[in-house]
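Undergrad: Provided below for reference: sequence and predicted model.
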Amino acid sequence: MWHKSVCVALVALATGYVFLLDPDLPDSVLEYVSASFLYQLPVSPESSMAAAWDSLIIQPAKQWSRVAVGVNACVDVILSGVKLLQALGLDSGDGRDHSVLHSMADLKEAFAHFMRKGAAAERFFSDAESFHHVAQTASEYPGAQLYVGGNAALIGQKIAMNPDLKVMLCGPIGPKLHELLDENVIVPPESMQELDEFHLILEYRAGEEWGPLRAPNANRFIFSHDLSNGAMNMLEVFVSSLEEFQPDLVVLSGLHMIEGQNKEVRQKRLLEAVAAISDIPTDVPVHLELASMTDPDLMSEIIHQVFPLVDSIGLNEQELLFLTQAANGPHALLTTWNGIPDVGVVSDILFWILKEHGRTPTKASDLTRIHFHTLAYHILATVDGYWANQVAAVAAGARVAGTQACATETIDTSRVFLKAPREFATSRIGESSTVSLNPSEPVSEWHRDGISFHYTPVLVCRDPLRTVGLGDAISAEGLLYSEFSSQ
């Protein structure tokens, strides 16, 4: 960065010297001298990439007009995780994951476990009384902020920013959430309820310390005692509203919330969800947004029962690894990502999902698209012949990750940096090629047995102001720039 400052200073000195020698020189000559020097200044990789994205991100030939989104919605209470736990009188200790939180001790251990890894997670808090105590402390804490929450509501809110689109949101929507929603969002009357559902979002910054713990990067830990979303109470209302709304795209999320139910209730609810999704007209594409889960049996059931009914899925690195572990897919023995997820490993798992559980000449599955996102890069994997404009879609998803995290309208290249590998292999178990990063051509493409992969690095925000909802914004933006062909 200092070279650029030195060059600018030299330009200023040179221009001033020329002007001193002959103050009557016309302005055009002085402008030419300055431009000649400045033209030689090196362009940063971040600036090259941002400019290249802007030229690549074009609207699809056929755009969505009506999007229906459901079914998890809530109010997010966002605040510093470390400060809340300190306010609750909890000190740092050994981290340990808990699939369900039963006490404040479980909360402390789970938060410490994921803060140490710098990984996102979401858990159900089973004890209502303890949760309400924590929630009250959180909502009254100075600096706590209330936002639209829940994957469906966040995706709907993001899509509603496009004034040319009609968006219907169906979920448990209380008075506070309704007040926070964009006026362009249509809410069926059957979705309204008297009380809001609250989710607590405990954020931490990159490098933040809590006792001996130090977060490797910024992220968040989410928990709730959410019974409406936990039972997917609005799923049938959502599907029944589709006939009147007539969407050309359906976005579904919230299946992870039923994990808090006992096994019998959960299995019953999943079968009802499968029946409801099956009622969606087959010519309307359905995107399923996944979220953090811990029960491998539920994940396996979703893979086998729900994946064949949807056209597209969105997920992050934690969800992808858990998915392959639950279904004994490729690289299932990998227990955790060691830093940035290996592109070849991710590519192998995405390929396996589409080959084993997606549409093929011998399988009736509708699944033809996966949007994968992690902090450093994104990949869109698609079965050939069903999706167009995916170069723009993957670039748009990566661009919004940088702008939303930094809370800027456009990419501010002084506030972002490249974290993606400069070179990577496209597979670890199949035929592979090596791809090198070129910031001027940031979207790389490769093909493997009828499946296309579009990859782009992310310009990571150095000091993110808000990490919640990034995955939902990425998926929403990717869908907005995608074009679907039902064939």
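TA: Right, received. Where do you want to start?
Undergrad: what sits against the closest residue to residue 61 other than its chain neighbours?
TA: Nearest non-adjacent residue to residue 61, counting by C-beta to C-beta, 6 or more residues apart in numbering: residue 483, 6.2 Å away. In short, each C-beta sits where N, CA and C put it, glycine included. Taking C-beta atoms under 8 Å, 6 or more residues apart in numbering, we find residue 483 in contact with 60-63, 387-389.
Undergrad: rerun that using 7 Å as the cut-off
TA: Taking C-beta atoms under 7 Å, 6 or more residues apart in numbering, we find residue 483 in contact with 60-62, 387-389.
Undergrad: now a PyMOL select for only the buried ones of these.
TA: Restricted to buried positions by 16 or more other C-beta atoms under 10 Å, the PyMOL selection for those reads:
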select buried, resi 60+387+388+389
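Undergrad: show me which pair in the contacts of residue 483 is furthest apart.
TA: Spanning the widest gap among these are 61 and 387, at 12.4 Å by C-beta to C-beta.
Undergrad: let's have the contacts of residue 483 in TSV, adding secondary structure and pLDDT.
TA: Listed next are those as TSV, based on DSSP: H, G, I helix; E, B strand; the rest coil; pLDDT from 0 to 100:
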residue	secondary structure	pLDDT
60	coil	96
61	coil	95
62	coil	95
387	strand	98
388	strand	97
389	coil	98
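Undergrad: with respect to residue 471, which of the contacts of residue 483 is nearest?
TA: Closest approach to residue 471 among the contacts of residue 483 (C-beta to C-beta): residue 387, at 19.4 Å.
Undergrad: pretty sure the closest one is touching residue 484, no?
TA: Yes: counting by C-beta atoms under 7 Å, residue 387 touches residue 484, with 6.1 Å between them.
Undergrad: returning to what we had before: okay, and the beta partners of the residue nearest to residue 61?
TA: residue 388 (DSSP bridges).
Undergrad: how much space between it and residue 327?
TA: Distance from residue 483 to residue 327, counting by C-beta to C-beta, to the nearest Å: 30 Å.
Undergrad: same deal with residue 228?
TA: According to C-beta to C-beta, residue 228 and residue 327 sit 29 Å apart.
Undergrad: which residues in the stretch 351-487 of the chain form helices?
TA: Per DSSP state H, counting those that start in this stretch, the stretch 351-487 of the chain carries helices over the ranges 390-406, 470-480.
Undergrad: okay if I get the ones you listed as a markdown table plus mean pLDDT and distance to residue 90?
TA: Below are those laid out as a markdown table (pLDDT from 0 to 100; distance: least, C-beta to C-beta, whole Å):
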| stretch | mean pLDDT | distance to residue 90 |
| --- | --- | --- |
| helix 390-406 | 97 | 28 |
| helix 470-480 | 96 | 27 |
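Undergrad: right, and the ones you listed - which one's nearest residue 186?
TA: helix 470-480 (16.5 Å).
Undergrad: strands along the stretch 151-300 of the chain, start to end?
TA: Per DSSP state E, counting those that start in this stretch, the stretch 151-300 of the chain carries strands over the ranges 166-170, 185-186, 198-204, 209-210, 213-214, 219-224, 249-253, 286-289.
Undergrad: just put those in CSV and tack on mean neighbour count.
TA: Formatted as CSV, those follow (neighbours: other C-beta atoms under 10 Å):
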stretch, mean neighbour count
strand 166-170, 26
strand 185-186, 19
strand 198-204, 24
strand 209-210, 18
strand 213-214, 16
strand 219-224, 23
strand 249-253, 26
strand 286-289, 24
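Undergrad: compare those strands and give me the one nearest residue 460.
TA: Once those are compared by C-beta to C-beta, strand 219-224 is nearest, at 12.1 Å.
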